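In: need a 3D model of the sequence below.
(chains A and B)
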Amino acid sequence: MKIASFNINGIKARLPRLKEWLAETRPTVACLQEIKSQDENFPASEFEELGYKAIWHGQKSFNGVAILVDGQEPVEVKRGLGIDGPKEGEGEQARYLEADVNGVRVVNLYLPNGNPRPGPKFDYKLAWMELLRARMRELLEQEIPTVVVGDFNVIPRDNDVWSVQAMASDALMQPESREAYSRILNDGWTDALGTLNPRGGVWTYWDYQAGAWQRDHGFRIDHLLLSPQTADRLVAAGVDKDHRGREKASDHAPIWVEIRD
DNA sequence: ATGCCTAAGCCCCTTAGA
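Out: Modelled structure (predicted):
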C-alpha cells in the first residue's frame, strides 16, 4: 500500500490541484494537512467521485487534517492529543487524526510551527511534541504496524535545508525542536525519507517568496515515520516534487511511502 | 532590518504561515 502526506495549504484553493494529484498518483491513503476549512465545508463528494472515502477534523481559517482512503472507509481511532492552543481560551487546534486502514494504523499530524521564538508558540510546539511522543510510544508498545505522517515543522539535519545560515534562528531547526524529534525517532521509529537519503538535499517545502522554488531554496519538514513492523515492509519513499512547480500549487510537495502488503 | 508570497475571513486590510 502507498501512504501519502500532503500539506495542501487550503482545501478550497487547492481542490483542482489536489484532485489532479490523487488521479495521477492514486495513493491508497492520502493524509492532508492545513485544509483550513470547517467541517461542514469539507468537499467529501469531490473525493467520492474519485473513489476515496474520508474522515476529517476541520477548523475555521487555519490548521485542519483529513485522511482519504481509496475504496474504503477509514476507521477513526483518535482525534486530537488533548492540548489547548497557545492563545487564551481558544481550545484545541485541529492537528491530529488517527485511523486504521487494512491493518495499518495511520497517524496524520500537523505539528505547530513554533515561530516566533522564544514565546508561547514555541513553548506550545515543544509541549505538543512531548504529547505526540507519549502517544507514539503507546503505539510502539502495542506493536501495531503504524505509519506516522505529516507536516512536522522540524528540519532534522543540517543537510535537510538549502541554507543553515538562512534558517538558523527559525523554530524549525532550533536544537530544542531537533532534540524533541530525535527523542521520538530514538524510541524506535524510522524516518523513511531521511534514511533513504542520508546525504540530504531532499526538500518537501519551498517558500512562495523570494523565488525560493526557482532557486531550489527548500527544506525537509514533512516526514514519514515507520514503526518497526512497517519499516520491515518498506519498499520505497519519495517526493512528488513536480507538483510544487504547477500553477496554484501548495508551498509543500506531496510525499509518499510504499510498504509491502 | 524588512519584504519577498499566499490563503482565509474580520474580505481591500489583518492574521498566519514557515
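In: give the burial count for the closest residue to DNA strand B within chain A, as a bare number.
Out: Evaluated by CB to the nearest atom of the strand, chain A has A:Gly10 as its residue closest to DNA strand B, separated by 2.6 Å. Bear in mind the C-beta positions are built from the backbone N, C-alpha and C, glycine included. When neighbours are defined as other CB atoms under 10 Å, A:Gly10 has 16 of them.
In: contacting residues for it?
Out: The contact partners of A:Gly10, by CB atoms under 8 Å, 6 or more residues apart in numbering, come to A:Glu34, A:Ile35, A:Lys36, A:Ser37, A:Ser250.
In: please repeat the previous calculation with a cut-off of 7 Å.
Out: Applying CB atoms under 7 Å, 6 or more residues apart in numbering to A:Gly10 gives the contacts A:Glu34, A:Lys36.
In: local confidence estimate at it?
Out: At A:Gly10, the model reports a pLDDT of 97.
In: how far away is it from A:Gly58?
Out: 12 Å (CB to CB, to the nearest Å).
In: likewise A:Ser250?
Out: 17 Å.
In: neighbour-wise, which of these two wins?
Out: Set A:Ser250 next to A:Gly58 and count neighbours by other CB under 10 Å: A:Ser250 wins out with 24 against 18.
In: run a quick neighbour tally on the residue nearest to that one when sequence neighbours are not counted.
Out: Nearest residue to A:Ser250 in three dimensions, chain neighbours excluded: A:Asn9, at 4.4 Å (CB to CB, 6 or more residues apart in numbering). A:Asn9 has 17 neighbouring residues, counting by other CB under 10 Å.
In: A:Asn9 reaches A:Lys248, doesn't it?
Out: No. Applying CB atoms under 7 Å as the test, A:Asn9 and A:Lys248 come out as separate, 10.3 Å apart.
In: mind listing the strands for chain A?
Out: For chain A, the strands defined by DSSP state E occupy A:2-7, A:29-33, A:52-57, A:65-70, A:75-79, A:96-101, A:104-110, A:146-151, A:190-191, A:205-206, A:218-219, A:222-226, A:234-239, A:255-259.
In: got the residues of chain A near DNA strand B?
Out: Residues of chain A lying near DNA strand B by CB under 7 Å from any atom of the strand: A:7, A:9-14, A:34, A:36-38, A:60-62, A:87, A:112-113, A:115, A:121, A:151, A:153, A:172, A:205, A:207-210, A:219, A:221, A:248, A:251.
In: among those residues, which ones are in helices?
Out: If you go by DSSP state H, the residues of chain A next to DNA strand B have A:Ile11, A:Lys12, A:Ala13, A:Arg14, A:Lys121 in helices.
In: how near is A:Asn153 to A:Ser182?
Out: Using CB to CB, A:Asn153 is found at 15 Å from A:Ser182.
In: now A:Val149
Out: The spacing between A:Val149 and A:Ser182, counted by CB to CB, is 18 Å.
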